[in-house]
Structures are given as C-alpha cells and as structure tokens.
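*Asks:* Give me coordinates for this.
(one chain, ligands or ions: 3)
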Amino acid sequence: MKKISLLGATGSIGIQTVDILRNNKDNFQLVALSSGKNIEKTREIIDDLQPELVSVQQEQDAIQLQKEYPHIHFTFGTKGLVEVATHPDSTVLVNAVLGSVGLESTLAAIRMGKTIAIANKETLVTAGHLVMAEARKYNVAILPVDSEHSAIFQSMNGENPKQIERLILTASGGSFRDKTREQLKDVTVKDALNHPNWSMGAKITIDSATMMNKGLEVIEAHVLFNMPFEKIDVLLHKESIIHSLVEYHDTSVIAQLGTPDMRVPIQYALSYPDRLPLVGGNRLNLAQIGQLHFKEVDFDRFRALKLAYDAGRAGGSVLTAMNAANEAAVALFLEEKITFLQIEEIIEQVMNDHQNILMPDLETILHVDSETRKTVANMVK
Ligand SMILES: NC(=O)C1=CN([C@@H]2O[C@H](COP(=O)(O)OP(=O)(O)OC[C@H]3O[C@@H](n4cnc5c(N)ncnc54)[C@H](OP(=O)(O)O)[C@@H]3O)[C@@H](O)[C@H]2O)C=CC1
Ligand SMILES: CC(=O)[C@@H](O)[C@H](O)COP(=O)(O)O
Ligand SMILES: [Mn+2]
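*Replies:* Ligands and ions are numbered 1, 2, ... in the order given. As a prediction, this is how the structure comes out:
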C-alpha cells in the first residue's frame, strides 16, 4: 500500500489522480490533499477518499470546512501546501498544482525523502537545478507525469543514458496549429481553450496554443534527463498518439504510444516500476487510425518555443522570469485583458529586460518570480 499526498486535487490532473486512487484502493491510500478555491469539489473528494489532512487556498474556507469535518485537520495557503507535501505518513507526493507556487512544497517533500511524481512543470522550469540537486542529495526519485516525459522515461527503461543521441518531444501544435501569425491577431479565449486532442486545465491549454507548453517541456526534459538543449528536438505530430521518442547512437528510435489519456502517465508514476490495468482505458487501434502525421517546427511561427530554447540555453534566473511572465500573461489573456499575441510579446520584453543571475538560490528565485509578476501587471495598466 503506497500512501499518497496530492497537491492540486481539484484540477484536471488532480481529479484524474483521484480517479486512479479510487479505482485502486488496495494499492494506494490518499492521506493528504490540497485544493485551491473549488470547495465543492474538495468536499466530494473528502467524502470519497477520507484524507487525514486537507489544505485549501483561503483561510475562511479552511475554517468553514473544519466545522463540517471535525475529524480532519484543515490548513491553508503556501504553508498548507508544505504541510500536505510533508505529511509524515505519505511516501509519495503527486504534485499537480498549477504554477511556480508548487516549488517550496516540492523541495520540502524531497527533504523528507518522499518520491515525487511531478506534473507541475513550472516548478522544474523555475528552479530545476535546485530541485534536482536536492533530489540527488536526499536520494529521491523524481518521476515524470507529463505525457512526453513519461514517454521518454518509459523509452529509456533499461537503456544506457550515455548512448542516447537525442530526445524528440512530440507537439500537437495546439488549438491554432493551422493558423498563420496574421490569423492569430484576433483569436478569442474560447477558441484558444479548444485543444484538438487533450482536455486539460485552462492555463496549460493556452500554453499549448502558444507552444510555450512545448518550450516548458523542452526545459523540463533538460532538467529531468540531464540532456543538453542541442539534443532535445520538437516534432509536430497532430494526433498525439506517439507521446515522445528517444533516438540512440545505433539509430534505433524507441517511443511510447497510446490514446491521449493522462491517466496512463499518472498511474505509471504511481505504480512504477509495475504497471496496473487502467480502469476504463481505451486501447490503441492503429489500423483504425490509419495515418499518423509529422512536420518540422517553424520557430518564426511558434515564437514562444524559440524564447523557451533561448532561456534554457542561457540558464539562470531568466528561466524564472520567463515562467513568471508567462503565468502572469496567460492569466491576463484568460481575463481578456490582453490579446493572444501579447502573451509572447510580454514574455519577450521581460526576457530582454532581465539581468540574468546564474545558479540563483531559492530566495533569488522567489524574488524574481514576484517582481516579474508585478512588472507584467504594470505593463498592461
Ligand atoms: N492537465 C493536463 O492534462 C496536464 C497538466 N500538466 C501540468 O500539471 C499542472 C496542473 O495542471 P492542470 O491540472 O491542468 O491545472 P488546473 O488548473 O486544472 O488545476 C490546478 C490545481 O491547482 C490548484 N491551484 C491553483 N492555484 C493554486 C494556488 N495558488 N494555491 C493552491 N492551489 C492552487 C487548483 O485549485 P482549484 O481548482 O480548487 O482552485 C487545482 O487544484 C500544471 O503544471 C500543468 O502544466 C502536465 C501535463 C498534462
Ligand atoms: C497531455 C500533456 O502532456 C500536455 O502537456 C500536452 O502535451 C499538451 O499538448 P501539446 O502541448 O503537444 O499541444
Ligand atoms: Mn505534456
């Protein structure tokens, strides 16, 4: 029986994780969870899986829930995320919270020796060097949940990492993959939220449309697999059936395929090194699909991807600035305060203005993160 702490239980990844835990009660037990502001969904998960500890975003929600569930301990805010992540009974942290707010709780869980199943890519982008250094120090496994990184992880199983030629991340191209830059000028939030293959949270769906998601994933791959950027490629593949590929010295290419279903990589990170049957999973029928498509990426068309490669190659605090600018700009786009193309304009301006600090410590990262968010807010006043 693995005991689990789950950050971001009410989100897209969180709900799918809860689904897996519910279907595998003999293997997993949820001991602690965090949610944000969705208190109705939080109640449903509590009633279903009876955790010992729950953290919500706001104090008043914690007070209300404490009255309703006196046998459960409630907490809130950033310290609540840390409490959930470090619950003494859990051995695995599933980090499915959104954004760089997941950083400190991840570091705290690593220092308690917990295995980390990580969906929260912003944490790896903003402070990958700190997370991986702590993971090495405490001998903790960081298991990918992101579909591409899970595919790479599975395609590296039993192989010698030194014999890898390159990693190939597949990209659907997002909601606007068939539009020109000219046509992107007046796209709406509703259109941007309409991802062709995946049903996901709003922020990552917009990231997918700008291709910043793929940029974050290139950096995530660099961090998780210790691979130089020159050996990480992106390939447009509109069906999202091949989740990513690894090419070896001898020209062999190993890939992981499957129908687009995030429960597969989530469950694999939980059951690793075993595999469990996926309740309600759809089997891949390649004969029925008939054709798979591939195309080279145009970096002028997908400018956010180029910015992410630039930040990755530079390293240092510009990664935090880029990530925070993206989080802030996407939030403004979702509130309809800026246009779609302004997202990457804002990121580019923030990166150009940034005074880079190499190997930033936690304090510097938190400072750059909050200052960048203020800068972006001022840019659109
Ligand atoms: N969705 C997907 O298929 C995939 C997602 N990922 C990554 O996983 C992470 C989560 O994505 P996704 O599930 O789509 O996101 P969602 O927006 O659906 O969910 C985010 C979760 O985080 C909570 N949350 C948000 N802000 C805060 C905060 N300030 N404090 C505490 N809790 C907070 C939300 O709470 P509430 O809703 O209660 O307010 C919710 O539980 C992201 O890093 C994303 O890039 C990676 C691969 C695929
Ligand atoms: C499901 C998942 O892992 C997402 O990150 C997905 O990759 C988004 O798809 P694209 O970024 O390829 O559009
Ligand atoms: Mn992904």
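*Asks:* Please make it C-alpha for all contacts and neighbour counts, starting now.
*Replies:* Will do.
*Asks:* Domain ranges for the protein, per the record?
*Replies:* According to automatic domain parsing, the chain comprises the domains 2-144, 149-314.
*Asks:* Pick the most buried one from those.
*Replies:* Greatest average neighbour count among the domains of the chain goes to domain 2-144 (a mean of 21), per mean count of other C-alpha atoms under 10 Å.
*Asks:* Indicate whether it makes contact with ligand 2.
*Replies:* No. Applying C-alpha under 6 Å from any ligand atom, one finds domain 2-144 out of contact with ligand 2, separated by at least 8.5 Å.
*Asks:* So what's the model's average confidence on that domain?
*Replies:* Mean pLDDT, domain 2-144: 98.
*Asks:* If I look at K381, what pLDDT would I see?
*Replies:* 85.
*Asks:* Tally up the residues packed near it, please.
*Replies:* 6 (other C-alpha atoms under 10 Å).
*Asks:* and the gap between the residue of the chain at minimum distance from ligand 2 and H237?
*Replies:* The minimum distance from the chain to ligand 2, using C-alpha to the nearest ligand atom, falls at A171 (3.4 Å). Per C-alpha to C-alpha, to the nearest Å, A171 is found 6 Å from H237.
*Asks:* what do the two both touch?
*Replies:* Counting by C-alpha atoms under 8 Å, 6 or more residues apart in numbering, no residue touches both A171 and H237.
*Asks:* Just to check, the residue of the chain closest to ligand 2 is in contact with V234?
*Replies:* Yes. A171 is in contact with V234 according to C-alpha atoms under 8 Å; the separation is 6.7 Å.
*Asks:* on that earlier part again, and of the domains of the chain, who's closest to ligand 3?
*Replies:* Proximity to ligand 3 (C-alpha to the ion) singles out domain 149-314 among the domains of the chain, at 6.7 Å.
*Asks:* Tell me how far that closest one lies from the chain's centre.
*Replies:* Remark: domain 149-314 is offset 12 Å from the chain centroid, using C-alpha atoms, centre = their mean, to the nearest Å.
*Asks:* again, but for stretch 114-133
*Replies:* On C-alpha atoms, centre = their mean, the centre of stretch 114-133 falls 9 Å from that of its chain.
*Asks:* Is that stretch in proximity to ligand 3?
*Replies:* No. Figure legend: stretch 114-133 not in contact with ligand 3 (C-alpha under 5 Å from the ion); closest approach 8.7 Å.
*Asks:* Export the helix or strand where T78 lies to PDB, keeping only CA atoms.
*Replies:* Per DSSP states H and E, T78 falls inside helix 77-85. The C-alpha coordinates for helix 77-85 follow below in PDB (Å, rounded to 0.1, in the frame of the first residue of the first chain):
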ATOM      1  CA  GLY A  77      -2.100  28.900   1.900                       C
ATOM      2  CA  THR A  78       1.500  28.200   0.900                       C
ATOM      3  CA  LYS A  79       2.300  26.700   4.400                       C
ATOM      4  CA  GLY A  80      -0.600  24.400   3.900                       C
ATOM      5  CA  LEU A  81       0.900  23.100   0.600                       C
ATOM      6  CA  VAL A  82       4.100  22.300   2.500                       C
ATOM      7  CA  GLU A  83       2.200  20.500   5.300                       C
ATOM      8  CA  VAL A  84       0.400  18.300   2.700                       C
ATOM      9  CA  ALA A  85       3.600  17.600   0.800                       C
END
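*Asks:* ok, residues contacting the next helix or strand after that helix?
*Replies:* Using DSSP H and E, the next helix or strand after helix 77-85 towards the C-terminus is strand 92-95. Residues from elsewhere that reach strand 92-95 (C-alpha under 8 Å, 6+ apart): 2-8, 85, 102, 106, 109, 114-120.
*Asks:* Helices along the stretch 251-381 of the chain, start to end?
*Replies:* Remark: helices assigned in the stretch 251-381 of the chain by DSSP state H, counting those that start in this stretch are 263-271, 286-289, 303-314, 318-334, 340-353, 362-379.
*Asks:* Distance to N157 added to the ones you listed, as a markdown table?
*Replies:* Below are the helices of the stretch 251-381 of the chain laid out as a markdown table (distance: least, C-alpha to C-alpha, whole Å):
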| stretch | distance to N157 |
| --- | --- |
| helix 263-271 | 13 |
| helix 286-289 | 24 |
| helix 303-314 | 26 |
| helix 318-334 | 29 |
| helix 340-353 | 36 |
| helix 362-379 | 32 |
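*Asks:* These: which one's closest to M212?
*Replies:* Ranking the helices of the stretch 251-381 of the chain by proximity to M212 (C-alpha to C-alpha) places helix 303-314 first, at 5.1 Å.
*Asks:* residues in the stretch 151-300 of the chain within reach of ligand 2, list them.
*Replies:* Residues of the stretch 151-300 of the chain lying close to ligand 2 (C-alpha under 6 Å from any ligand atom) are A171, S172, G173, G174, S208, N213, K214, M262.
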